[in-house]
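>>> Okay, sequence plus prediction incoming.
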Amino acid sequence: MGQQCWIILTGDKVIGDLLQKRGGKYSSRPPNYYFYQILTRSKGFINGPYNERYKMLAPIMLELLGQRAVKENSDLIDSQFCILMQNLYRASMSTDCNLYPKYYFQLASLNIITILCLAKSIKDVEDPFYKEFEIFTKSYLELIKITNRLSDFFPILRLFSGNKLYYRVIKERRIIEAFYGRLIEEVKNDSEEKPCFIRRLLHKVDEKILDELDIVYLTNDIFLAGTETVSSSLTWITAALANNPQIQYKAHQELDQIIGHSRLPSASDEPNMPYIRAIIKESQRYCGPIYLGVPHYNEEEDEYNGYHIPANSVIVLNQYGIHMDGRRYENPKEFKPERFFGITESSAVLANGNYQNRDHFGFGAGRRLCTAVHMAELELFLGISRLLWCFKIENASPLGKDGKPTPIDLEKAYVGATVWPEKYQIKFIKRHDNVENVLFG
Ligand code: HEM
């Protein structure tokens with residue numbers, strides 16, 4: 001596109017060969033003048049090139065978001081998914097019980113990140129912090145959308161549109177730095193010195209490894225990557241389940257057999273719940289929150305299967321394309337958890353193994369694989385297993401000619417940095433009399 005060579009990877013083998021096996025060459029990110037160099041002062045992690053700075057930051061991010069950190073924070077994550085179920089229960093008991101659950105999922109995932117980063121929580125969607133974050137994220141994601149990046153592909157455009165976009169970017173940068181700067185000050189002034197990510201990062205400032213602007217942009221990455229992806233996934237899965245009562249029925253049977261009615265499922269139940277695991281894997285394939293990954297980039301030229309790959313090409317992992325490839329997934333347009341039966345390993349484990357054995361490519365590939373893949377999988381398991389333990393999810397769309405609710409159209413999607421389904425209406429019906437006791441008892 002423009003002066004830029006783009007290579008779209010839609011086959012599992014080429015993804016395995018290039019992004020995994022030749023990861024040293026294919027792990028950079030495309031230069032991004034406005035939204036990396038200017039907007040984040042070249043300080044962000046997710047969009048940063050694969051260089052010495054990245055290699056210095058990666059272990060720090062892994063320490064905060066990797067497998068060990070998830071174990072340390074599992075009680076906190078668990079408690080937020082109890083609160084989510086309580087909130088959904090209360091909402092579903094109110095007189096008009098049709099719901100669009102997106103905002104509840106956003107609140108839960110935002111709360112997890114807020115508690116981890118700042119050791120403080122948000123009460124509800126009316127909380128000023130939630131509102132501020134919502135407005136701030138919306139304008140940020142709007143600004144970084146692909147159409148505003150054309151000047152990266154056609155640099156001559158900077159001569160025409162440059163100034164207007166440049167000033168918008170600078171304005172947004174002031175907002176980001178004021179927002180996270182305030183959060184850093186809150187942590188510094190907390191007389192109880194509660195442990196949290198920002199405090200840990202502040203120690204790295206004392207050790208002269210980072211500066212405060214690094215904290216601003218690392219925290220910004222964690223907030224954006226950690227909230228939008230999980231809440232979009234939960235919003236999609238709920239819609240897919242509402243369209244498929246027979247799948248819910250099988251999941252309810254598994255829950256009744258393994259868990260019973262006297263407690264909520266917890267993380268340690270995951271190995272015994274193959275059907276719920278399969279639902280989660282299938283939902284990441286069928287309706288994951290990202291279609292085209294986060295682009296990779298190669299700084300050296302390469303040869304592959306007789307093709308010349310020029311240096312400085314944008315390498316796109318076409319997740320949607322591969323997930324809808326009928327050669328890899330039979331009848332790919334069908335939501336069919338059974339296709340993942342017998343696969344017991346997590347996506348995190350499979351992503352680091354042979355490409356042929358991967359369940360899906362939702363978390364990316366190679367050295368830039370999602371840093372928080374373990375956390376994401378835990379959140380999805382707690383969210384989905386508990387949702388199905390508490391409720392039957394009913395499609396509450398207007399009735400069609402056949403007298404049944406019109407299926408939620410999962411082909412319609414709002415595509416931005418993350419992908420969202422069209423707004424829909426569902427009902428959460430409590431499954432048994434013990435739901436209230438277990439949630440509030
Ligand atoms: C369902 C949930 C999630 C999905 C589908 C997802 C997906 C992705 C994808 C596709 C990438 C790019 C991988 C690549 O370049 O090949 C990525 C990167 C990343 N994700 Fe996630 N993610 C999820 C949840 C999270 C959460 C909860 C966090 C943090 C709390 C997070 C933090 C990150 C970070 C820091 C990176 C950058 C990795 C790097 O550039 O080296 N993600 N994620």
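Great, that's in hand.

>>> only C-alpha atoms for contact and neighbour calcs from this point on.
Noted.

>>> next SSE after the least confident helix or strand in the chain by mean pLDDT?
Least confident helix or strand of the chain, by mean pLDDT, DSSP states H and E, is helix 150-153 with a mean of 67. As assigned by DSSP states H and E, the chain's next helix or strand after helix 150-153 is helix 158-188.

>>> Which positions in that following helix come out as buried?
Residues 158, 165-166, 169, 172-173, 176-177, 179-180, 183-184, 187 are the ones in helix 158-188 that count as buried (16 or more other C-alpha atoms under 10 Å).

>>> The following helix or strand past it versus helix 158-188: what angle between them?
For helix 158-188, the following helix or strand on the C-terminal side (DSSP H and E) is helix 197-206. Using axes from the mean of the first three to the mean of the last three C-alpha atoms, to 10 degrees, one finds that helix 197-206 and helix 158-188 are set 100 degrees apart in direction.

>>> How about helix 197-206 and the ligand, touching?
No. Judged by C-alpha under 6 Å from any ligand atom, helix 197-206 and the ligand are separated, with a smallest distance of 11.1 Å.

>>> Is there any residue in the helix or strand just after that helix that contacts the ligand?
Next along the chain after helix 197-206, taking DSSP H and E as the criterion, comes helix 212-243. Yes. Counting by C-alpha under 6 Å from any ligand atom, the ligand is contacted by helix 212-243 at 222, 225, 226, 229, 230, 233.

>>> Pretty sure the fourth one sits against residue 287.
No. Using C-alpha atoms under 8 Å, residue 229 makes no contact with residue 287, being 11.6 Å away.

>>> When these two are compared, which one has more neighbours?
Counted by other C-alpha atoms under 10 Å, residue 229 and residue 287 do not tie: residue 287 has more neighbours, with 26 against 21.

>>> Can you tell me what sits against stretch 71-85?
Applying C-alpha atoms under 8 Å, 6 or more residues apart in numbering, the external contacts of stretch 71-85 come out as 104-105, 108, 111-112, 266, 379, 382-383, 386-387, 390, 439.

>>> Now the stretch 151-300 of the chain against the ligand: closest residue?
residue 226 (3.5 Å; C-alpha to the nearest ligand atom).

>>> Tell me what angle whatever helix or strand residue 375 lives in forms with helix 212-243.
Here residue 375, judged by DSSP H and E, is contained in helix 373-390. Interaxial angle of helix 373-390 relative to helix 212-243 (the same axes, to 10 degrees): 30 degrees.

>>> Can you give the contact residues for the helix or strand that comes right after helix 373-390?
Next along the chain after helix 373-390, taking DSSP H and E as the criterion, comes strand 391-395. Applying C-alpha under 8 Å, 6+ apart, the external contacts of strand 391-395 come out as 238-239, 241-243, 245, 248, 405, 407-408, 425-431.

>>> of those, buried ones?
Counted by 16+ other C-alpha under 10 Å, the contacts of strand 391-395 give 238-239, 241-243, 248, 407-408, 425-428, 430 as buried.

>>> a markdown table for those, including pLDDT?
Listed next are these as a markdown table, based on pLDDT from 0 to 100:
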| residue | pLDDT |
| --- | --- |
| 238 | 98 |
| 239 | 97 |
| 241 | 98 |
| 242 | 97 |
| 243 | 97 |
| 248 | 98 |
| 407 | 95 |
| 408 | 96 |
| 425 | 95 |
| 426 | 95 |
| 427 | 94 |
| 428 | 95 |
| 430 | 95 |
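
>>> now the residues you listed as a markdown table including distance to residue 145?
Output for the buried ones among the contacts of strand 391-395, formatted as a markdown table (distance: C-alpha to C-alpha, whole Å):
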| residue | distance to residue 145 |
| --- | --- |
| 238 | 26 |
| 239 | 25 |
| 241 | 30 |
| 242 | 30 |
| 243 | 30 |
| 248 | 36 |
| 407 | 30 |
| 408 | 26 |
| 425 | 28 |
| 426 | 30 |
| 427 | 33 |
| 428 | 34 |
| 430 | 40 |
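
>>> Moving C-terminal from whichever strand or helix holds residue 88, which element do we reach first?
Under the criterion of DSSP H and E, residue 88 resides in helix 74-93. Note on helix 74-93: by DSSP H and E, the next helix or strand toward the C-terminus is strand 98-99.

>>> Off-centre distance for that next one?
Relative to its chain's centre, strand 98-99 lies at 24 Å (C-alpha atoms, centre = their mean, to the nearest Å).
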